[in-house]
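*Asks:* Got a predicted model here, sequence first, then my questions.
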Amino acid sequence: QVQLVQSGAEVRKPGSSVKVSCKASGDTSNTYSLNWVRQAPGQGLQWMGAIIPIFGAPTYAPTFQGRLTITADKSTGTAFMDLSNLGSEDTALYYCVREHSSLKFAAFDSWGQGTLITVSS
Amino acid sequence: QMTQSPSSLSASVGDRVTITCRASQSVMNYLNWYQQKPGKAPKLLIYATSTLQSGVPSRFAGSGSGTDFTLTISSLQPEDFATYYCQQSLVVPRTFGGGTTVDIK
């Protein structure tokens, strides 16, 4: 099992950007992806994007293309989510999530504690 | 796109509860279910349509294939009152259903 520890809550003004970190520990196999899923207040879950730390190539949901950047430092097992041009609709709890996969399945089996991002003027 | 129904339901302890999830196109058996309690991160319940995650009670069961899936709780317990989400993991972007909130009748 992997443990995911995220950076703390942030408050940002509209139009600015925010960067959230997620440090993974406990699983040295590195054969997994780290994903970012967000949840606006009282709303459902929305997948944003992912990265496989050992490869470094991210994938993004079309909704966030152009203002989302996901990176990873494989030496420290840390992933980063950088979201720019923030608007009030980006106020949400952002989760770092490990996807464990094989030929027969892929599922989000470990979740970070969440990082609250508040966008307010 | 993943569509869950109902969006909410009220049930009593001991009831059998069924939640459905429909995909807009086949996801084969790459369908997962999560449980989320207020103030907590979601928790994986079932993966690959019907495989229980370690530690999940056997009263939870998943079934289906292709586009139509079901989560069944055979005898609802007090700790099962929560919101449940389905999610497809066949293609990117990963997508979730809108959620089903199970509350106390």
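*Replies:* On my side now, so go ahead.
*Asks:* what's in contact with the helix or strand where A:Val5 lies?
*Replies:* Assigned by DSSP states H and E, A:Val5 belongs to strand A:3-6. For strand A:3-6, contacts defined as C-beta atoms under 8 Å, 6 or more residues apart in numbering or on different chains pick out A:20-26, A:34, A:94-98, A:110-115. For glycine as for every other residue, the C-beta is placed from the backbone atoms N, C-alpha and C.
*Asks:* again, 6 Å this time
*Replies:* Residues outside strand A:3-6 that contact it (C-beta atoms under 6 Å, 6 or more residues apart in numbering or on different chains): A:Cys22, A:Lys23, A:Ala24, A:Ser25, A:Gly26, A:Cys96, A:Ser110, A:Gly112, A:Gln113, A:Thr115.
*Asks:* which of the residues you listed tops the neighbour count?
*Replies:* A:Cys96 (28 neighbours; other C-beta atoms under 10 Å in any protein chain shown).
*Asks:* Can you tell me how far the closest residue to that residue other than its chain neighbours is from A:Trp36?
*Replies:* Nearest non-adjacent residue to A:Cys96, counting by C-beta to C-beta, 6 or more residues apart in numbering or on different chains: A:Cys22, 3.3 Å away. Going from A:Cys22 to A:Trp36 by C-beta to C-beta, to the nearest Å gives 8 Å.
*Asks:* before we move on, what about B:Tyr30?
*Replies:* For B:Tyr30 relative to A:Trp36 (C-beta to C-beta), the value is 20 Å.
*Asks:* follow-up on the earlier one: just checking, which of the contacts of strand A:3-6 belong to strands?
*Replies:* Of those, the ones assigned to strands by DSSP state E are A:Cys22, A:Lys23, A:Ala24, A:Ser25, A:Cys96, A:Ser110, A:Thr115.
*Asks:* Check these against chain B and report the nearest one.
*Replies:* Lowest distance from chain B to the ones in strands among the contacts of strand A:3-6 (C-beta to the nearest C-beta) belongs to A:Ser110, with 8.5 Å.
*Asks:* Tell me, how many residues neighbour the residue lying closest to A:Ala61 once chain neighbours are set aside?
*Replies:* Among residues not flanking A:Ala61 along the chain, B:Pro93 sits closest, at 4.1 Å (C-beta to C-beta, 6+ apart). Using other C-beta under 10 Å, the number of residues around B:Pro93 comes to 16.
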